[in-house]
Structures are given as structure tokens and as C-alpha cells.
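1. requesting a structural model of the entry that follows:
(2 chains)
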Amino acid sequence: MRGIISHGAYLPHRRLDRSTIAAVAGTGGGKGTRTVASYDEDTTTLGVEAARRALAATDVRPEALWFSTVEPAYVDKTNATTVHAALRLPADVIAADFGGAVRSATAALRSALAGGPTTLVVSSGIRTGLPGSSDEAQGGDAGAALLVGDDTAGPVLAELIGSGTATDEFLDRWRTPGDVRSKQWEEKFGETKYLPLAKAAVAAALADAGIDADRVDHLVVASTHARAAKAAVRKLGVDGAKVADDLSSSVGNPGAAQLGMLLSAALDAASPGQVILVLSLADGADALVLRTTDALASHRTLAPVADQVGAGAPVAYGKFLAWRGQLTPEPPRRPEPARPSASAAGRSEDWKFAFVGSRDRSSGALHLPPRRVSREGGAIDDMEPAPMADVEGTIVTYTIDKLVYSPSPPVVFAMVDFDGGGRAPVELTDIDPADARIGGRVAMTFRRLFTADGIHNYFWKARPVGDGVPADDTTTEA
Amino acid sequence: MASHGIKDRVAIVGMGCTPFTEHWDKGVDDLVLEASNDAFASAGITKDDVDAYWLGTAQSGMSGITLASALQLQNKPVTRVENYCATGSEALRQAAYAVASGAYDVAMAVGVEKVKDSGYQGLNAFPIPNDGTTRTLTAAGSFSMVAPAYAEKYGVDMGDLKKTLARIASKNHYNGARNPRAQFRREMSVEQICAMPPVAGDLSVFDCAGVADGSAAAIVVRAEDAHRYTDKPIYIKALSFVAGNGSGLIDPDYDFTWFPEIAACAEDAYAQADIEGDPAERIAMAEVHDCFTPTELVLMEDLQFSERGTAWQDIEAGRFDLNGELPVNPDGGLKSFGHPVGASGLRMMFEAWLQLRGEAPEERTIGSIEGDRNLALTHNLGGYPGEMVSFISILGATQD
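-> Modelled structure (predicted):
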């Protein structure tokens, strides 16, 4: 049996109220909200956060990691290796990008489901368009992660029982490399192309599974073409009550992450023994039929998608534009940071990417960053790794710095005491300065501090917890 | 192993100090030349009479050549030193030890910083290639975490403590208004300072040291030679230095209400100077590193001028005012002078030099020097709470 062993989704903290767009852009907007990745998030960090959630819910470790996004932080350089480092996966776990198009994320999932090693399929999207555009309002930002493998590796929550595909070449949505936005052909054309493909793929998948459409308990449709998705739902013969919310009114469409996010939400909602039909419409159609197992009943989901949808805090449209690089506010009059050193970062890979300190075996003193010489007792090279990324902490004291350089001032900075001992000075994120308080609880989160010379400087910050979004984990082997 | 110090073995026989201001029309060469020439004139010697030089600059020049080329020194040993904001003090410390060792007869320490050529506000450190995980915080942000912690620990209302901090700034502005070398020469009332908007934590710009260019210099010789150069040498009683190991940043026991490096540095300094018991019985004035107002507050306790948790009361009582029992920063401090990093430590010593020799202008002359209370202390720190260097010198006009 092969299928999904664990799953997780990550919705960024900020929400843009679509009704605030038109007042500034003069057009666009609409009803509801969309999720907004913060200034210190990119598709890689969204993927890391989703992957952390998926892995925190299981003891099964991946043997391969596929990462898909349409908005990669780097090209030429692999982004999956950053996710791999943040998850502290061993070197014999391959990590590679499935990049370029939304369909890549579907293909990565299909290739993982087809067989081979236990595979972590990570996808993420940061979607926007020009101010006032439909893509800007209807897009969303999210990460998703699905751990796929055989039941010999661990309990499978949802088994793949059928699949179908249909491919065709036609121009519906496109973007040339370097462009900040996508363009779309007249929608009706795409609809006429997608509908027959959807029918063919679903028919093939149901036949493969040996079931009829009326056996479907959850229909999940992910598509870059909202009109085609709606039409397909009507034509597939699945009871409308079985159609899963596509979260378009709260999250928006997070592109490459949409399929994984909606499947994660469906697994949150499903009971054992149910059939989930997943349809992806992106430059063709792909259908997957999954049947949930008894293992789903005892599976602990750390941050259900529905809980995350209900959490979060608003972001003003102006700040949204600034975060997406479409508005350039005056920066603090401070020098911009220098690019991080590749060799220095390489030496401290575990610290920088996985937030691993060192603990002195004799005195127990925790060192963040890791040290070779203990601050207590002075023992040399008698340290063990202390992974702290999944340990929560408490704010001892904090300050709001309006002078320091930041891509989005001011900086909220705190001294954090970690549960079980240890302290580190850390920058806070996803927090309004007025909400910072001594005694506040925080969890670590993987972020991009800044970009210099095209080098993304990744490191860990702390975000408040206790607002409805559970922490990623309570304990680790630390 | 012991920290013996060099009490009364080395004397300062000449000093110079430029005005500290935004010297748009002067570069490093101009500033070191001006301070050095004043120091040479003060000791009655020329550059050729100095056997070895130490140049303190944090980031205004590399190597001894920065000074050698500015002064056109001929085949002299010149060493550039850097030790954060204690850089100028470090230059004096090295020069004094060189003379004490007998290696040279006459040595000179010059401190300089040309801050205002960067085009940015504030002090900005040179980027050293690193892994990108170092702190994203200004010094102001870092020191702003001290005041709330202090208020919490000692049960002082934060609103009251803000007024106390403003009183520190107001006092230093009052003193600086009486100093022609100071950058800011306007008195500021507590009310004016309290009305400023915060820029980091509860700190406003008036809780922060200014930013200025400047240079200062000192010439040292062995004590027995001092009277060849001046009738009023100033003897070095102690030179103490501690470089912290940064553990305060990761030690959950550190509470941000004191600076352990400075407390340790003070113990060593008082031991070197043979000061036992209450140091205020011997020390008549202090120049301390008031980079931010909460720093000066905490320093009064780390230097043992006030019991723990009581400095705010001593400040409110006026004990550290110009006419107080123990004047602190009678020249106006970093608050009035700004902080040209390499020069500040020597600027503090210059004030001690003036006051101990009775050469301060009348309106700034302190009245606390009397009998055995005849020593001056200067103190520098560099870095951040939890991770700092500390320097203390103790100086006196007479040998014990």
C-alpha cells in the first residue's frame, strides 16, 4: 500500500482584506481575504514551515524531498536544499526542485505516489499580480507538504487507489522568466480546453480505482483557472455537498501549493474509509483517487488548515504592496546589510538553517550559537548538538528598534528563554509592536532576514504563539 | 599570576583634544594633527622626541601608517589598536605599558574617529564577513532593554525612571553647555527630554550619545621623568580592562540590570590603585561611558558609587551633578560630546587632566577634590549588554 503518511500546510499570518484594494489601486479587489506572506517569507520559507508541520506529526523520515513552486527564491541554485537543511535531513536524502509551472507540483506528487523512496513533497506559492489585478486579489500565499510512502515505512493515512491524466498543449496562462506577473488568454478558451481534459482524467482515475463518481466523499479541485474548475465540478457527477471548500474566499489561490493545501484540509476533514478525489487542472488534468485508512483516526494534526484559516491578522494594502516590491518606501538611513558569506554559512549550516546550538555534556550549559568551549566549566569539544527549532520560549525582555535597518521597520527584538533552559537574542516576527510583552510565548520560525547581492539570508526568528495557531511541536529529541 | 597594575610608575605629561563636532571640513589627518600638536605643545616636545606611538581608531584607518603619514613620522613604531568603544583608552593603556616596561622613554597615544564621512546617521560598524546570523539590533535598541529590567527588579515606576534617565541627560547637557569643546552646548530640561518620541524601546534621541568627529592625544613617560616635561604630571593609578565572553546574551541568569564585565573591571581597577572600601572616599570625579542614559544609571552601581538598586535615588539627589559630591561627566560626557569611537576614552582623560591640574574653566571647575579625595576615574565600555568590553583608568595628581 502506498499513499500519504503525513501532511501539513502553512498559511502565513497576514491577511489582506480585498475590499481595501480598490481605494488605492482604483480598481480590483473584491470580497473576502487572501493570505499574505510577510516581508521575511519566500516560497522556500513557506515550504519549510509546511514541511516542519508534516514531519512533526510523524516519526517517519523522508528519503527524498521534492520542492515545487512557480516563484522560486533562486533559479540555477536548488531551493529544496535549503528546505533540506532547515529540516536537518541527512545528506543521503536527495532534495531537488520541480520548478517552473503549477503543474510541477502535481507532477511531484504523482511521481512520489508512483513508487520509490519515502518522499516529502513540498510546494509553495506566493501569488500576486499588478495592483488592481484579479491575480493580486484572488491569489494567495501558502506552503504545503505531503509525506508519501509505503505502509512498510509507517502507517498510511490515505492510500492511492487510482489515477488518471490528460495532457494537451494550449495557451491559457503564461509568464516569461523575470516578469512579476502572469498573463491569461480569454478565459472562455481555457475553459473549453480544460473541461474535456478534466472529464477524461477523472474517468480514467475512477476506472483505475474501480469505483463510480457517487462513491466520492470529498472532491478537491485545484486549478489555475477558477472558471474551468467550477464548470468541471458541475460536470463530474459528484454531489455538490461533497465538494471541498477551495478556500478562495479566505486564503486565495496559492498556485503550486493549492493542491497540497486543499488535500491537507481534506485529510483534516475526512474520516477513515472515505474516498477523496483530487483533480488538478494546470496545463492538462490530473486526477488522483485516495481512500483514507483507519490510521487517519489516530493521526494527530498539529495545525489543521481550518484553524489556520481562522487565525491571522490583517495587513494594510500599502504594506502588502511594499512587501511584494511594488511600492518602495523610504528605508531607514542606515547602511544596508552586507551579503552573508557562503563559506561562513557553510561552516554553520546546522545553526543557520536548522537552529541547532550545542550543549556542554558536563555542565549542561546551552550555547546559541554553538561553541567549542563551554561558558561554564570551560570544557573543550565536549558538546552535543542541541536542536532548538521546535522548542518554544518565553520573552524575558524586548525592545522596538526604529533605527536599525530592516526591510520592514521597526524591528521588534527580544531575549527569549527556551523551555527546558537556554536563552538567545532573537528578532520577533508576525507581531505588531504594540502586542509585544514580557512573558509572551513564542515559537521559532524559518525566515529570510534580507537579500543582499542576490543572496537570501535565511535564519530563524520567533513568532508569538497562543493566538489559535498551535506551535509546530512540543518537544524534540533535544 | 596577578593583575599588578603600574600604579604611580607612569605619568601623563601632555595632552591635546580637538573640539568634538561634525567636522565636515576636517579629515582624519587634520584631526590627529590638531590633537597631537596640542599634546606636543603641552609637554614641550616635538614629534621626534616621542619614541613610539599608539593610534586608536575603530574604523577610520588601518595600521600605524594612518598616523605616521598624517604626522610624517620618521621611522617610528606606530601601532593601530581597536577595542570597540574603548579604543582610545586602549591606545593609552598600550603606550603606558610600553613606557613602564622600559622599552621606550616617551610614548604617545592618539585617538581619532572620523564618523561623519559615512553619509549615515549613528555609528555603523564595518561588516565583517559572517554567516548572516548576527543580531539585527542597534546599540540603542540593545541598551533600551536595560531600563525596563531595572525598573522591574527594583520596583521603580517606569514613568519615574524615565524622568531619572532624563535627569542624567539634562545634567550632562548642563555640563556640556559649559565646555567649548563639546558638540552640544545647549542646556536641556528634564521636561524637554521627556517630551521626545522614542526611537528604540523607551529611549528617545536625547537618551543617546551624539555622533561627532574628534581626536585626543596623551604623552606618557616614566613617573621619575615626569617633571622634566611638566610641573603638574598626572599619575596613572590603574588601567583595567575586561573583554566579555558574550555569555550574557545566552545566560538565562543575566537580568540586564548590571554589566558584569564592568563590575569585574572596577574590582581590578580599585585593587590596582590600592582603593579599599567605598571608592567614593578616594575618587572625586568620574568620566563614564554614557552612550545611553540607562548605561550611566547602571554604571553608578557597577563602579560601586551607589549600592545596587539605589543609583536612581543618588541621581535624583544630585550627587553626580557638577556641584555634587561626586561629579560624573563634568565635561558633558558622550551626551554632549558625541562619540568618535577612537577618541572618546582619551577625551575623558583630558577632562581628568584639566580638573586634576586645576585647569578647567571656572564655570566647570568641580569642588569635590579635597584631601584624600583627589582621584579621577575614567570608564569606557564597548559592545552591548551581555557582550561588552570595559576599560577603567584611575588617575591622580600626586604619587602615594
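
2. where's the residue of chain A most remote from its centre, which helix or strand?
-> In chain A, the residue that sits farthest from the middle, by Cα atoms, centre = their mean, is A:G377; the gap is 42.2 Å. Secondary structure from DSSP states H and E places A:G377 outside every helix and strand.

3. you'd agree it is up against A:S362?
-> Yes - proximity of A:G377 to A:S362 meets the contact threshold set by Cβ atoms under 8 Å, at 5.6 Å. Every residue, glycine included, has its C-beta placed from N, CA and C.

4. for the closest residue to the residue farthest from the centre of chain A other than its chain neighbours, what are its contacts?
-> Spatial nearest neighbour of A:G377, excluding adjacent residues (Cβ to Cβ, 6 or more residues apart in numbering or on different chains): A:S363 at 4.4 Å. Counting by Cβ atoms under 8 Å, 6 or more residues apart in numbering or on different chains, A:S363 makes contact with A:374, A:376-377, A:379.

5. can you tell me the closest non-neighbouring residue to the residue of the stretch 251-400 of chain A found nearest chain B?
-> Ranked by Cβ to the nearest Cβ, the top residue of the stretch 251-400 of chain A for proximity to chain B is A:P340, at 3.0 Å. Leaving aside its sequence neighbours, A:P340 sits nearest to B:G132 (Cβ to Cβ, 6+ apart; 3.0 Å).

6. gap between the one you found and A:L449?
-> 7 Å (Cβ to Cβ, to the nearest Å).

7. now do the shared contacts for the two.
-> Joint contacts of B:G132 and A:L449 (Cβ under 8 Å, 6+ apart) are A:457-459.

8. is chain A contacted by stretch B:144-160?
-> Yes - judged by Cβ under 8 Å from any Cβ of the partner chain, stretch B:144-160 comes into contact with chain A through B:144-145, B:148-149, B:152.

9. quick one: the residue of the stretch 251-400 of chain A closest to chain B from A:W460, how far?
-> Going from A:P340 to A:W460 by Cβ to Cβ gives 14 Å.

10. so the two - more neighbours on which side?
-> A:P340 (26 against 23; other Cβ atoms under 10 Å in any protein chain shown).

11. what's near enough to touch the more buried one?
-> Counting by Cβ under 8 Å, 6+ apart, A:P340 has contacts A:452, A:455, A:457, B:130-132.

12. now it, what's its secondary structure?
-> coil (DSSP: H, G, I helix; E, B strand; the rest coil).

13. likewise for B:M108?
-> Applying three-state DSSP: B:M108 is strand.

14. residue contacts, it?
-> Neighbouring residues of B:M108 by Cβ under 8 Å, 6+ apart: B:36, B:39, B:50, B:52-54, B:95, B:217-220.

15. if we use 7 Å, what do you get?
-> The neighbours of B:M108, taking Cβ atoms under 7 Å, 6 or more residues apart in numbering or on different chains as the test, are B:39, B:50, B:53, B:95, B:217-219.

16. go through those residues and say which is closest to A:P177.
-> Distance ranking of the contacts of B:M108 against A:P177, using Cβ to Cβ, places B:Y53 first at 58.1 Å.

17. my guess is that closest one contacts B:V78, does it?
-> Yes - when contacts are counted by Cβ atoms under 7 Å, B:Y53 is listed as touching B:V78 (4.3 Å).

18. dihedrals phi and psi, A:V275?
-> phi -110, psi 130 (degrees, to the nearest 10).

19. that one: neighbour count?
-> 22.

20. is it fair to say A:A414 lies in a helix?
-> No - read with three-state DSSP, A:A414 is strand and lies in no helix.

21. which residues sit in contact with the nearest residue to it once chain neighbours are set aside?
-> Residue nearest to A:A414 in three dimensions, not counting chain neighbours: A:Y398, with 3.8 Å by Cβ to Cβ, 6+ apart. Contact analysis of A:Y398 by Cβ under 7 Å, 6+ apart lists A:412-414, A:436, A:438.

22. and stretch B:379-398, how far apart are its ends?
-> Start to finish, the residues bounding stretch B:379-398 are 20 Å apart (Cα to Cα, to the nearest Å).

23. hmm, it in reach of chain A?
-> No - interface with chain A: stretch B:379-398 contributes nothing (Cβ under 7 Å from any Cβ of the partner chain), its closest point being 7.7 Å away.

24. quick check: domain ranges of chain A?
-> A:2-323, A:342-464 (automatic domain parsing).

25. ok so A:S271 is a helix residue?
-> No - counting by three-state DSSP, A:S271 is not found in a helix; it is coil.

26. and it, what's its pLDDT?
-> For A:S271, the pLDDT comes out at 97.

27. next, count neighbours for the residue in the stretch 1-150 of chain A that chain B sits nearest to.
-> In the stretch 1-150 of chain A, the residue that lies nearest chain B is A:D40 (10.5 Å; Cβ to the nearest Cβ). For A:D40, the neighbour count with other Cβ under 10 Å is 23.

28. show the backbone phi and psi for it.
-> Dihedral angles (degrees, to the nearest 10) for A:D40: phi -100, psi 20.

29. quick check: residues of the stretch 101-250 of chain B near chain A?
-> The stretch 101-250 of chain B comes close to chain A at residues B:120-122, B:124, B:127, B:129-133, B:135-138, B:140-141, B:144-145, B:148-149, B:199-201, B:245, B:247, B:249-250, as judged by Cβ under 7 Å from any Cβ.

30. make it 6 Å
-> Contact residues (Cβ under 6 Å from any Cβ of the partner chain) of the stretch 101-250 of chain B with chain A: B:120-121, B:124, B:127, B:129-133, B:135-138, B:140-141, B:144-145, B:149, B:199-201, B:247, B:249-250.

31. filter these down to the ones in strands?
-> Secondary structure defined by DSSP state E assigns B:199-200 of these to strands.

32. got a PyMOL select line for the buried ones in the residues of the stretch 101-250 of chain B next to chain A?
-> A single PyMOL command selects the buried members of these (16 or more other Cβ atoms under 10 Å in any protein chain shown):
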select buried, chain B and resi 131+132+133+135+136+137+138+140+141+144+145+149+199+200+201+247+249+250
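
33. list the buried residues of stretch A:166-180.
-> A:166, A:172-173.

34. helix, strand or coil for B:L354?
-> Going by three-state DSSP: B:L354 is helix.

35. and for it, the neighbour number?
-> 22.

36. so for the nearest residue to it once chain neighbours are set aside, what's the pLDDT?
-> Nearest residue to B:L354, sequence neighbours excluded (Cβ to Cβ, 6+ apart): B:A360, at 4.4 Å. The confidence metric pLDDT takes the value 97 at B:A360.

37. what of A:A471?
-> For A:A471, the model assigns a pLDDT of 42.

38. A:L279: what's it in contact with?
-> Counting by Cβ atoms under 6 Å, 6 or more residues apart in numbering or on different chains, A:L279 makes contact with A:221, A:287.

39. for it, give me phi and psi.
-> The phi/psi pair for A:L279 (degrees, to the nearest 10) reads phi -120, psi 130.

40. what segments of the stretch 101-250 of chain A are strands?
-> A:119-126, A:141-150, A:158-166, A:173-174, A:183-184, A:218-223 (DSSP state E, counting those that start in this stretch).

41. confirm A:Q308 sits in a helix?
-> Yes - A:Q308 sits within a helix when classified using three-state DSSP.

42. quickly list the domain ranges of chain B.
-> Using automatic domain parsing, chain B is parsed into the domains B:10-118+B:213-233, B:139-180+B:235-396.

43. before we move on, what SS does A:W351 have?
-> helix.

44. what about the residue lying closest to A:I380 once chain neighbours are set aside, neighbour count?
-> Ranked by Cβ to Cβ, 6+ apart and with sequence neighbours excluded, the top spatial neighbour of A:I380 is A:V373, at 5.3 Å. As a burial measure, A:V373 scores 14 neighbours (other Cβ under 10 Å).

45. so how far is B:E363 from A:V373?
-> Taking Cβ to Cβ, one finds A:V373 at 52 Å from B:E363.
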